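Trainee: Predicted model, plus sequence, below.
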Amino acid sequence: MKREKGLWLIDGGYLYKAQSSVSRDFHLDYLKLREQIESDGHIWRAYYLNSVPGNVTPDMESFFRWMQSAPPIGPKIVVRNYAMTRFPMDYGYCEQCGKNVTVKCPDCSSNEKLWKEQQKGVDVGLATLALTLSDQYDSLILSSGDSDLLDAVEYLCGRGKRLELVVFRTGVAPDLQCRADRIYWIDDMSKNVKRNRSGR
């Protein structure tokens, strides 16, 4: 069944991490990927959500500008960035002995605090867009493997929305896979959506 009007929602952190499952030197070209999945029907709007560190580099800014540029230059994807959440790493849990253990840097002699940065807000943002824009599309095209989106997906499928996944074979919750009307495995089209070295 050909989609009439799709909403493509992308978890940027998921695609960035999962792309290395194809090969170490594989980098995804979002323009080529959009062309591949749009051959099966119109994409009304696309959103790329990600968490970024406090200092956005010039390369990152250039990438975000390119993502928002329209074809033939870029893939015309709305970019929404969330700040990373930073929290102290005082202890870690050891599965083998079942104890909380102190975490220390092996290279520093001082007792400097260690910090961990974690993605925050992306899942809520994806679910919010999927629900608030539900009157505008017939197919939800999701590039995320997170089962945290399952409640929103169940609700939308119950209202007659089609679910399409555009994902790698790694890191995709079976709960999402079994509800999908179609799955585009990026691994299977990797040669067609690989970024050229000179390109984005």
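Mentor: Great, that's in hand. Residues are numbered from 1 along each chain as shown.

Trainee: so Asn81 makes contact with Pro53?
Mentor: No - if you go by Cβ atoms under 8 Å, Asn81 and Pro53 don't touch, sitting 10.0 Å apart. Placement of C-beta: from N, CA and C, glycine included.

Trainee: Mind checking which of these two has more residues around it?
Mentor: More crowded of Asn81 and Pro53, by other Cβ atoms under 10 Å: Asn81, with 16 against 11.

Trainee: Could you find the closest non-adjacent residue to that one?
Mentor: Spatial nearest neighbour of Asn81, excluding adjacent residues (Cβ to Cβ, 6 or more residues apart in numbering): Val52 at 4.7 Å.

Trainee: pLDDT wise, what is that neighbour at?
Mentor: We note a pLDDT of 84 for Val52 in this prediction.

Trainee: residues near Arg182, how many?
Mentor: Counted with other Cβ under 10 Å, Arg182 comes out at 15.

Trainee: per-residue confidence at the residue lying closest to it once chain neighbours are set aside?
Mentor: Nearest non-adjacent residue to Arg182, counting by Cβ to Cβ, 6+ apart: Glu164, 4.6 Å away. At Glu164, the predicted lDDT confidence score is 98.

Trainee: ok, the helix or strand hosting Glu164: who's next to it in the sheet?
Mentor: In this structure, Glu164 sits in strand 162-167 according to DSSP states H and E. Taking DSSP bridges as the criterion, strand 162-167 forms sheet pairs with strand 139-143 (parallel), strand 182-185 (parallel).

Trainee: Turn those into CSV, columns for distance to Pro71 and mean pLDDT.
Mentor: Listed next are those as CSV, based on distance: least, Cβ to Cβ, whole Å; pLDDT from 0 to 100:
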stretch, distance to Pro71, mean pLDDT
strand 139-143, 17, 98
strand 182-185, 19, 97
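
Trainee: Beta-bridge partners for Glu164, please?
Mentor: Under the criterion used (DSSP bridges), Glu164 bridges to Ile141, Arg182.

Trainee: and Ala127, how many neighbours does it have?
Mentor: 20.

Trainee: Give me the buried stretch members for stretch 11-26, please.
Mentor: By 16 or more other Cβ atoms under 10 Å, the buried positions in stretch 11-26 come out as 11-15, 18-19, 22, 26.

Trainee: which one of those sits closest to Phe63?
Mentor: Closest approach between the buried residues of stretch 11-26 and Phe63, by Cβ to Cβ: Gly12, at 9.9 Å.

Trainee: Now for that closest one: which residues touch it?
Mentor: Going by Cβ atoms under 8 Å, 6 or more residues apart in numbering, Gly12 touches 48-50, 122.

Trainee: What residue spans form the domains of the chain?
Mentor: 3-84+119-193, 85-117 (automatic domain parsing).
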